[in-house]
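*Asks:* sequence and predicted structure below; questions after.
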Amino acid sequence: MFERVVAMLVKEFLELKRDRSALFRLVVPLVLQVLIYGYAATFTVSHVSTAVLDLDGSQASRDLIARFTANDRFDIVEFARSQQEIAYALDRERVQVGVIVHAGFAQALGEGRGAPLQVLVDGTNSNTALIALGYVSKIVAQYQSDRRAQASPLSANGAVSAAPATITVAMQERPWFNDGLDDRWFFIPGVVGTLTLLQVVSLTAFAVVREREVGTLEQIMVSPIRPVEFILGKTVPSFLIGLGDVALVTAIGVAWFDVPFVGSWLVMMAGVVLFLLAVIGLGLLLSTFSRTQQQAFALNFFLFNPIFILSGFAFPIAAMPRVLQWLTYLNPLRYFLVVLRSVFLKGVGFGVLWPQFAAMALLGVVMLTASVLRFKKSLD
């Protein structure tokens, strides 16, 4: 049995070696995609086009507006003279944010009352709108904090003396595991799992379907090779290539994008092995439903988007409807992303991640068993 499996492995790698286009597809698109994801897949919003209307014209209002002009998150593209001009710029999509400092701003600050400040946001892109509002809130909070510090009376020895003050709630942020809130630290581990899933499922499904489509599957089946040996010969190369994909994308993420890896490589590799077993089972299952490579491609494309969306890569699972949350439990990528991000950024081990390992192991056993049974049935 071992010799026949080795012969199948040698056959698969020789075919891969001769097919230069396949080698190109395995390496170059992977590198290009991880670079594109790393740079383009970000929730950071910069240079938001902004219009400003200062109806107060005081030193206090000019100081606040200067903080917007000095911040690379906003580009002041228009200084309006009326609220109608702000509305017009928003309607024509010339700006995404409008900041209006109403008359009496400085007087209200001096009297300790709430100073009037209005922010208008183009809500057609809700993600950009919410992020831009968050930036505005930070700028205003810092402005308020600086003015409060300047207004605090000092005693002769430099200490703050007792004085009546308005009691406010001060929020102090302290991000854990990502102090700079660098969203690449969030995306790159997710890219490792997503690209590996896409590559391995495609390879496994196409490897079997290609044999059926060109008519060599029947020839192999009448040879001494048993179905289990044939399946091993087809899936082991995909498994090894999957390991190589994980190593390549991880190396790019750590070395090129400076994503920290603080966890254990042993924990990481255990998660990779279980995840690959599950996705190889999925690829084999797809191959049993496909007679041609076009059918396999269509099925792969049809399943990949739901798997991606229901993985928690970009959209929080907790915000999904209850039915969709139940469906995510059937998604191996959901568990693998938790393992990747936890190992990369938190450094946790088996004691914390065992539910994810158990779920991937169960899915792997179920998918491999179902695919082998269907594969045997399709040969009859």
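*Replies:* Great, that's in hand. Predicted model only: the values in this text are computed from it and were never measured. Residues are numbered from 1 along each chain as shown.
*Asks:* tell me the secondary structure for residue 199?
*Replies:* Of the three states, residue 199 takes helix under DSSP: H, G, I helix; E, B strand; the rest coil.
*Asks:* check contacts around it.
*Replies:* By CB atoms under 8 Å, 6 or more residues apart in numbering, the contact set of residue 199 is 26, 30, 241, 242, 245. (C-beta placed from N, C-alpha, C; glycine too.)
*Asks:* whichever helix or strand the first one is part of: what's the following helix or strand?
*Replies:* In the assignment (DSSP states H and E), residue 26 maps to helix 20-40. Proceeding C-terminally, helix 20-40 gives way to strand 48-54 as the next helix or strand, assigned by DSSP H and E.
*Asks:* buried residues in stretch 323-339?
*Replies:* Going by neighbour count (16 or more other CB atoms under 10 Å), the buried part of stretch 323-339 is 328, 331, 332, 333, 334, 335, 336, 337, 338, 339.
*Asks:* typo on my end, it should be stretch 108-126
*Replies:* Using 16+ other CB under 10 Å, the residues of stretch 108-126 that count as buried are 108, 109, 115, 117, 120, 121, 122.
*Asks:* ok, and what's touching it?
*Replies:* Counting by CB under 8 Å, 6+ apart, stretch 108-126 makes contact with 60, 64, 86-87, 90, 93, 95-106, 128-129, 132-133, 136, 140, 147, 166, all of which sit outside it.
*Asks:* what do you get if the cut-off is 7 Å, keeping everything else the same?
*Replies:* Defining contact as CB atoms under 7 Å, 6 or more residues apart in numbering, one finds that stretch 108-126 is touched by 60, 86, 90, 93, 96-102, 104-105, 129, 132-133, 136, 140, 147, 166.
*Asks:* what of stretch 346-365?
*Replies:* Applying CB under 7 Å, 6+ apart, the contact partners of stretch 346-365 are 177, 262-264, 267, 270-271, 274-275, 277-278, 281, 332, 335-336, 338-339, 342.
*Asks:* then it to CSV, C-alphas only?
*Replies:* Output of stretch 346-365 as CSV, limited to C-alpha atoms (Å, rounded to 0.1, in the frame of the first residue of the first chain):
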residue,chain,number,x,y,z
LYS,A,346,-2.5,37.1,22.2
GLY,A,347,-0.1,34.1,22.5
VAL,A,348,-2.8,31.8,24.0
GLY,A,349,-2.4,28.0,24.0
PHE,A,350,-4.4,24.8,23.9
GLY,A,351,-6.1,25.5,27.2
VAL,A,352,-8.0,28.4,25.7
LEU,A,353,-8.4,27.2,22.1
TRP,A,354,-9.4,23.6,22.6
PRO,A,355,-13.1,24.3,21.6
GLN,A,356,-11.9,25.6,18.2
PHE,A,357,-9.6,22.6,17.8
ALA,A,358,-12.4,20.2,18.7
ALA,A,359,-14.8,21.8,16.3
MET,A,360,-12.3,21.7,13.4
ALA,A,361,-11.4,18.0,14.2
LEU,A,362,-15.1,17.1,14.2
LEU,A,363,-15.8,18.9,10.9
GLY,A,364,-12.7,17.3,9.4
VAL,A,365,-13.8,13.8,10.4
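*Asks:* that stretch - what's its average pLDDT?
*Replies:* The pLDDT scores in stretch 346-365 average 92.
*Asks:* of all the buried residues of stretch 323-339, which comes closest to residue 198?
*Replies:* Nearest to residue 198 out of the buried residues of stretch 323-339 is residue 333 (CB to CB; 10.1 Å).
*Asks:* so that closest one lies in a helix, does it not?
*Replies:* Yes: Residue 333 forms part of a helix when assessed by three-state DSSP.
*Asks:* which non-adjacent residue is nearest it?
*Replies:* Once its chain neighbours are removed from consideration, residue 333 has its nearest residue in residue 311; the separation is 4.0 Å (CB to CB, 6 or more residues apart in numbering).
*Asks:* for the one you found, what are its contacts?
*Replies:* With CB under 7 Å, 6+ apart as the criterion, the residues that contact residue 311 are 331, 333, 334, 337.
*Asks:* any chance of those residues in CSV, with pLDDT too?
*Replies:* Listed next are the contacts of residue 311 as CSV, based on pLDDT from 0 to 100:
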residue, pLDDT
331, 94
333, 95
334, 94
337, 93
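*Asks:* tell me which of those residues is nearest to residue 69?
*Replies:* Distances from the contacts of residue 311 to residue 69 were compared by CB to CB; the smallest belongs to residue 337, at 39.4 Å.
*Asks:* now distance to residue 253 too, for the buried residues of stretch 323-339, in CSV please.
*Replies:* Written out in CSV, the entries for the buried residues of stretch 323-339 read as follows (distance: CB to CB, whole Å):
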residue, distance to residue 253
328, 24
331, 22
332, 20
333, 17
334, 20
335, 20
336, 15
337, 14
338, 17
339, 15
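*Asks:* where does the residue nearest to residue 333 sit: helix, strand or coil?
*Replies:* What three-state DSSP gives for residue 311 is coil.
*Asks:* can you tell me how far it sits from residue 101?
*Replies:* Taking CB to CB, to the nearest Å as the measure, residue 311 and residue 101 are separated by 44 Å.
*Asks:* same question for residue 24.
*Replies:* Residue 24 sits 57 Å away from residue 101, taking CB to CB as the criterion.
*Asks:* compare those two (neighbour count), which wins?
*Replies:* residue 101 (23 against 10; other CB atoms under 10 Å).
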